[in-house]
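Enquirer: Here you go, sequence then predicted model.
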Amino acid sequence: MQRLYDFIRRHPTGVDSFWAVVLFGFSLLWVGSTYPATGKPVAYGAVAALFSLVVALRRRMPERMLVLAVALGLAQLAFGIVPFMADFAMLVIIYTVAAHDGPRWASRLALAGGLSAATLSQLRWPMTETDSSAARVFFTVIMTVPFALAWVLGDSLRTRRAYFAQLEERASRLEQEREAQAKVAVAAERARIARELHDVVAHNVSVMVVQADGAAYVMDSSPETAKQALETIAGTGRQALAEMRRLLGILRTGEHQEAGEYVPQPDVQQIEELVEQVRGAGLAVDFKIEGTPRPLPSGVELTAYRIVQEALTNSRKHGGPDVGASVRLVYFDDGLGLLVEDDGRGAPQEMYEDGGADGRGHGMIGMRERVGMVGGTLDAGPRPGGGFRISALLPLKPAH
């Protein structure tokens, strides 16, 4: 049964042609049986053939076949060819045009023709004089109903098809939006991981380089100091590996996570440990906390830690020899304030401008993006009297 249905769907014109032949055959039988009373067999045969053509081509060219059916109906009225079996094609073409998603004039013409066909037929071939006017009106209404039902059925099918097509289009659009959102989410996650990796590598590798240079310098004169520097390098390297393992673990899907891949995100409390680490690397840092410390949102705490980490890393890299720095954390009622300053020679201007004119300002760009994600503000630039200053205000609630 399914194969037959599929064949019918694949060959609509062939199916219509079959029913056109059936209609033509029954029409000829009717003409042959009523010939003595009706006469004009050639005219009836021609009309039957043309109406059969309407049925055969109704789906290939519905508007043209509707016009042909209207012309045949008018010809019947003009030449006195009484309605017969072939006129059933009018019902078929009215339904087809109403169901077809074509120009609206064709559907309106089909409706008007169907509603007026019975009335015009009654006027052209009135009933016997013995019938009352009420009987004539009733008969006309009864004959009009099939034409109206054919149009309503076709128009309902067209509306249903349009509704399902709209649903399919909406589903397709939603699927495309989901794919686009997924791509945006992946890009955002990659950008976040890139910022994390930059902060981890820039800070820890900088500390390791400074300690390695110091150890090489005092290797012969002070072995104990060199040993401490090597221990600092080892500890910093392990910390960097732990954080990088955590970040890279995010990229793994469907694999067993190794022990130690998940490391807690840095928070405000670990800033003091970060300052001690930087002091061990040879940078004098003054650290103070103002206000009453309290728990903060994890995004704010991670942002604060990364800003201080990046700022101290830049002080070591660009501050020059004998640079000193200060870190201030200020707890407000509605947010957290950060102030990191140094008294060195400071970074060149392109390092803190948006974009980094020399292509190396990714740390400052990352800081601005982090602060923007939590709805805060960031100000970075040279400090009056020399040095560099970074100040940020991180609100407890994201800006709307």
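Expert: Arrived safely.

Enquirer: right, and the helix or strand after the lowest-mean-pLDDT helix or strand in the chain?
Expert: Least confident helix or strand, the chain: helix 223-250 with a mean of 72, by mean pLDDT, DSSP states H and E. On the C-terminal side of helix 223-250, the nearest following helix or strand under DSSP states H and E is helix 271-280.

Enquirer: Return that following helix as CSV; C-alpha atoms alone will do.
Expert: Output in CSV follows, covering the C-alpha atoms of helix 271-280 (Å, rounded to 0.1, in the frame of the first residue of the first chain):
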residue,chain,number,x,y,z
ILE,A,271,46.1,37.3,46.4
GLU,A,272,48.2,37.4,49.5
GLU,A,273,49.9,34.2,48.5
LEU,A,274,50.5,35.6,45.1
VAL,A,275,52.1,38.7,46.6
GLU,A,276,54.4,36.6,48.7
GLN,A,277,55.4,34.6,45.6
VAL,A,278,56.2,37.8,43.8
ARG,A,279,58.2,39.1,46.7
GLY,A,280,60.2,35.9,46.7
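
Enquirer: So which elements touch that helix?
Expert: helix 133-218, helix 223-250, strand 284-290, helix 298-318, strand 324-331 (3 or more Cβ pairs under 8 Å, 6 or more residues apart in numbering; DSSP states H and E). C-beta: built from backbone N, CA, C; applies to glycine.

Enquirer: Which elements pack onto the shortest one?
Expert: With contacts defined as 3+ Cβ pairs under 8 Å, 6+ apart, the packing partners of strand 284-290 are helix 271-280, strand 324-331.

Enquirer: From residue 169, how far out is the residue nearest the centre of the chain?
Expert: Central residue of the chain (Cα atoms, centre = their mean): residue 177, 0.9 Å from the mean position. Residue 177 sits 12 Å away from residue 169, going by Cβ to Cβ, to the nearest Å.

Enquirer: check which helix or strand covers residue 294.
Expert: Using DSSP H and E, no helix or strand contains residue 294.

Enquirer: How about residue 46?
Expert: Going by DSSP H and E, residue 46 is in helix 41-56.

Enquirer: next structured bit after that helix?
Expert: helix 62-79.

Enquirer: next one: that following helix to chain centre, how far?
Expert: In terms of Cα atoms, centre = their mean, to the nearest Å, the gap separating the centre of helix 62-79 from the centre of its chain is 50 Å.

Enquirer: before we move on, back to that, point out the other helices and strands that the helix holding residue 46 packs with.
Expert: Using 3+ Cβ pairs under 8 Å, 6+ apart, helix 41-56 sits against helix 12-38, helix 62-79, helix 88-99.

Enquirer: In terms of mean pLDDT, which of the ones you listed ranks lowest?
Expert: Ranked by mean pLDDT, the helices and strands packed on helix 41-56 end with helix 12-38 at the bottom, a mean of 84.

Enquirer: So what's the gap between that helix and the chain middle?
Expert: 55 Å.

Enquirer: Okay, angle between it and helix 88-99 too, please.
Expert: 150 degrees (axes from the mean of the first three to the mean of the last three Cα atoms, to 10 degrees).

Enquirer: Which positions in helix 12-38 come out as buried?
Expert: The neighbour-count check on helix 12-38 (16 or more other Cβ atoms under 10 Å) flags 16, 17, 20, 23, 24, 27, 28, 30, 31, 38 as buried.

Enquirer: now stretch 222-234
Expert: 226, 228, 229, 232, 233.

Enquirer: same deal with stretch 42-49?
Expert: 43, 44, 45, 47, 48.

Enquirer: Distance check, the last one against residue 236.
Expert: Looking back up the chat, that one is residue 48. 98 Å.

Enquirer: now residue 47
Expert: Taking Cβ to Cβ, one finds residue 47 at 99 Å from residue 236.

Enquirer: Next: residue 290.
Expert: In terms of Cβ to Cβ, residue 290 sits 29 Å off from residue 236.
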